[in-house]
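Participant: okay, structure incoming, though there's no sequence with it:
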C-alpha cells in the first residue's frame, strides 16, 4: 500500500496489521475488529482464502478487498469468499476511508472505477425472465431493477433507463431487499449473479 494512503488510514483506529493471509485470519480471531481490509495479493494463503476463512468464523464481520483488477473470475472468487465489497488499487485515500466506513456499518460501496470494470465484465441477461417463479420471488420489473443494481447503477440512473420516477425505484429496491432477505444492494447484487441475472462477456 502506498505510504500516503497508509498515513491517511491512520485517521481510523488500526487495531492490528497482518503480513500474510494466515496471520490475517489469526488476528481477526484475536482482535475481532469492526472491519477487515485485505490485499488480494497477500503472501501465504492469499487474500481470497483469508477472506473465506475469516467469514466462516465471523459471518457478520465486513471484509473489504483491495485488488489490482476486477476480472470476472476474481469477482466470482470474492463473492464466493464472502467479501463485502472491493476497491481497486490506486483508489484515493479519502475514498478508501469512506469505503471502510461504509462496509463497517453494513452499507455497500461502489467506487466509479471498479463499477465501470464490473460493467465491462457483465451485461444484462435476457434469461432473467426465464427464472422459475417458485425460485425467483421477484416480479419482472424487480428483476430488471435488480440486474441494473448489480451493475452498480444508482436509483437515478435506473429511473432514467426504465423511464420511471426515482421514488418508484426506491419502492422497488426496498421490496427487493425485503423479498430476498438481504441487508443492502451489495448482497442483492450477489443474488443477481448467482441467479444468472447478469451474463459474462467472456472477460
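Facilitator: Here it is on my side, so go on. Just so it is clear, the model here is predicted, and its values are computed rather than measured.
Participant: quick one, helices of the chain?
Facilitator: When assigned using DSSP state H, the helices of the chain occupy the ranges 3-9, 21-31, 46-57, 72-81, 93-104, 112-121, 140-150, 155-162, 166-180, 185-194.
Participant: which other helices and strands contact the fourth one?
Facilitator: In this structure, helix 72-81 packs against helix 46-57, strand 63-67, helix 112-121, helix 185-194, with contacts taken as 3 or more Cβ pairs under 8 Å, 6 or more residues apart in numbering; DSSP states H and E. Using the backbone N, CA and C atoms, a C-beta is placed for each residue, glycine as well.
Participant: also the second one?
Facilitator: Based on contacts counted as 3+ Cβ pairs under 8 Å, 6+ apart, the elements that helix 21-31 packs against are strand 36-39, helix 46-57.
Participant: which among these is found nearest to residue 103?
Facilitator: With Cβ to Cβ, the closest approach to residue 103 among the helices and strands packed on helix 21-31 belongs to strand 36-39: 9.3 Å.
Participant: just checking, what packs against that closest one?
Facilitator: Right, strand 36-39 is packed against helix 21-31, helix 46-57, strand 63-67 by 3+ Cβ pairs under 8 Å, 6+ apart.
Participant: which parts of stretch 35-53 are buried?
Facilitator: Residues 35-40, 42, 45-53 are the ones in stretch 35-53 that count as buried (16 or more other Cβ atoms under 10 Å).
Participant: which one of those residues sits closest to residue 88?
Facilitator: Proximity of the buried residues of stretch 35-53 to residue 88 (Cβ to Cβ) peaks at residue 40, which lies at 10.4 Å.
Participant: surely that closest one meets residue 63?
Facilitator: No: with contact defined as Cβ atoms under 8 Å, residue 40 does not count as touching residue 63 (11.1 Å).
Participant: report the central residue of the protein.
Facilitator: With distances taken as Cα atoms, centre = their mean, the chain has residue 85 as the residue nearest its mean C-alpha position (2.9 Å).
Participant: quick check: closest non-adjacent residue to residue 106.
Facilitator: With sequence-adjacent residues excluded and distances taken as Cβ to Cβ, 6 or more residues apart in numbering, residue 106 is closest to residue 183, at 5.6 Å.
Participant: pretty sure that neighbour contacts residue 191?
Facilitator: No: between residue 183 and residue 191 there is no contact under Cβ under 8 Å: 11.8 Å.
Participant: when the two are compared, which one has more neighbours?
Facilitator: A count of neighbours by other Cβ atoms under 10 Å puts residue 191 above the other of residue 183 and residue 191, at 18 against 12.
Participant: now do the contacts for the more buried one.
Facilitator: Taking Cβ atoms under 8 Å, 6 or more residues apart in numbering, we find residue 191 in contact with 146, 180, 182.
Participant: most surrounded residue in those?
Facilitator: Neighbour max across the contacts of residue 191 (other Cβ under 10 Å) = residue 146, 27 neighbours.
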